[in-house]
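Participant: Fold the stuff below for me.
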Amino acid sequence: MKNRIIKVMMISVASMMMVTGCNRTTTNSEDTAKNNDVKSIETSVELPQNMMDDFQTEIYYIDSKEESDKCYEALKHRKGKIVIEVITGTVTNKNGDGQIDYQGYIKYHGDLAVGTRVETVMVYNPDNNYIDDIMYRADTVIE
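Facilitator: As a prediction, the model looks like this:
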């Protein structure tokens, strides 16, 4: 339940940031993570200043191959929609390499032990249909 609340909060913050047009986000939210007994690592790039107020958002919780395929199709054909993808994965080595449940490779930043489970929220750029154009990413250790 705690993870679900954190996930909803992260998605809400990401959406609010896009609406208000924030330039930068915090690179490490250790204080918030300590208060919630969760280790959080955030990675982001500058958000565009010309975000519109009337945007559409689709959120995909990837827990199966079918959901992964739906998200992939949505990314290829988003045409201005904001797509948010929520995935879980496991750290596989000391270099931060990881295995995403149901799909493939992911790179984690930070000092994470092998076997650590991580939930990642990614917000994709609505201005194009590139499947790797991530505007915002937040990794949270889930156990």
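Participant: Which element, helix or strand, includes His109?
Facilitator: Under the criterion DSSP states H and E, no helix or strand holds His109.
Participant: burial measure for it, as a count.
Facilitator: 12 (other C-beta atoms under 10 Å). Just so you know, the C-beta spots here come from the backbone N, C-alpha and C atoms, and that holds for glycine as well.
Participant: Arg117 versus that one, what's the distance?
Facilitator: 16 Å (C-beta to C-beta, to the nearest Å).
Participant: can you tell me which residues contact Val86?
Facilitator: 7, 11, 59-62, 119-122 (C-beta atoms under 8 Å, 6 or more residues apart in numbering).
Participant: What strand or helix carries it?
Facilitator: strand 82-91.
Participant: same deal with Leu75?
Facilitator: helix 65-76.
Participant: what sits up against that helix?
Facilitator: Contacts for helix 65-76 (C-beta under 8 Å, 6+ apart): 58, 60-62, 81, 83, 85, 102-103, 124, 129, 131.
Participant: top of the residues you listed by neighbour count?
Facilitator: Tyr124 (25 neighbours).
Participant: and the gap between the spatially closest residue to that residue that is not a sequence neighbour and Thr140?
Facilitator: Among residues not flanking Tyr124 along the chain, Val83 sits closest, at 4.5 Å (C-beta to C-beta, 6 or more residues apart in numbering). Counting by C-beta to C-beta, the gap from Val83 to Thr140 is 19 Å.
Participant: give the contact list for the closest residue to Tyr108 other than its chain neighbours.
Facilitator: Computed as C-beta to C-beta, 6+ apart, the closest residue to Tyr108 that is not its neighbour in sequence is Gly96, at 4.4 Å. Residues near Gly96 by C-beta under 8 Å, 6+ apart: 107-110, 112.
Participant: picking up where we left off before, just give me the least confident of the contacts of helix 65-76.
Facilitator: Scanning the contacts of helix 65-76 for pLDDT, the low point is Gln103. It has 75.
Participant: Nothing else from me, thank you.
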